[in-house]
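Trainee: kindly generate the corresponding structure for this input.
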Amino acid sequence: MAQILVNGDAYDWVNITFGILNSPSVAGVGAIKYKVKQDKKLNYATGKYPVSASEGQVTYEASITLEEKEIRRILNDLGVSDLTQIPPSTVTVAYMVGLQEVVDVLSYVRFTGQGIDAKSGDMGMMQELELSIAGIQFGR
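Mentor: Numbering: from 1, shown residues only. Reported below is the predicted structural model:
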C-alpha cells in the first residue's frame, strides 16, 4: 500500500473561518485573495552588471467573494445602503492544520465598491469585491 501522508496535513478550504465586521464567523464566503508586494530593483551604473539593490514601497492587494445574501445581511445589520459606507475594520482568516490554528489578520479593511454580476445558469449569486487594506499579519 502506498504511503499517502508525505508532508502532513494540507491547508484546506473547508477548515477556513472568517471574521468580518466584528462578526466572529461569517458564512457565504466563496473566495478570498490577499497578498503583500514590495517594489525591488537592481541599480546599474558603469558597466553591464548591477552595483546595488533598492527597495521601494510596500503595497497590499485583496478581494473577497461573497454570496449576495451575505452582502445584504451585512448591509441590513449595519444599516447602510452600500458596502463603501462601512467604516474600516479588521478581517481575520483562520484555518486549522491538524490541531494547530493559523490566523491571518487583514488590517484597516475597506470595501472599494459594490455591484451585481449575474448571468443565466448561475446557481446562487456570488460577488467578487475589491478591498483596500493597510496591512497583513500572516499567522504561523
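Trainee: point out where this structure drops to low pLDDT.
Mentor: Filtered on pLDDT under 70, the chain yields the residue ranges 1-10, 23-25.
Trainee: contacts for the helix or strand that contains S54?
Mentor: In this assignment (DSSP states H and E), S54 forms part of strand 50-67. With Cβ atoms under 8 Å, 6 or more residues apart in numbering as the test, strand 50-67 has contacts from 20, 28-45, 74, 91, 106, 109, 124-136. All C-beta atoms are positioned from the backbone trio N, CA, C, and that covers glycine.
Trainee: what do you get for stretch 35-46?
Mentor: Counting contacts by Cβ under 8 Å, 6+ apart, the residues outside stretch 35-46 that touch it are 50-62, 136.
Trainee: which SS state does A94 fall under?
Mentor: Secondary structure assignment for A94 (DSSP: H, G, I helix; E, B strand; the rest coil): strand.
Trainee: what about it, how many neighbours?
Mentor: Neighbour count for A94, taken as other Cβ atoms under 10 Å: 17.
Trainee: what sits closest to it if chain neighbours are left out?
Mentor: Of all residues not flanking A94 in the chain, V103 sits nearest, at 4.6 Å (Cβ to Cβ, 6 or more residues apart in numbering).
Trainee: wait, the one you found touches T92, no?
Mentor: Yes - using Cβ atoms under 8 Å, V103 makes contact with T92 at a distance of 5.7 Å.
Trainee: where's P87, which helix or strand?
Mentor: Applying DSSP H and E, one finds P87 in no helix or strand.
Trainee: and it, how close does it get to G98?
Mentor: Going from P87 to G98 by Cβ to Cβ, to the nearest Å gives 37 Å.
Trainee: ditto for I74
Mentor: Applying Cβ to Cβ, the value for I74 to G98 is 32 Å.
Trainee: likewise for T46?
Mentor: On the measure of Cβ to Cβ, T46 and G98 end up 55 Å apart.
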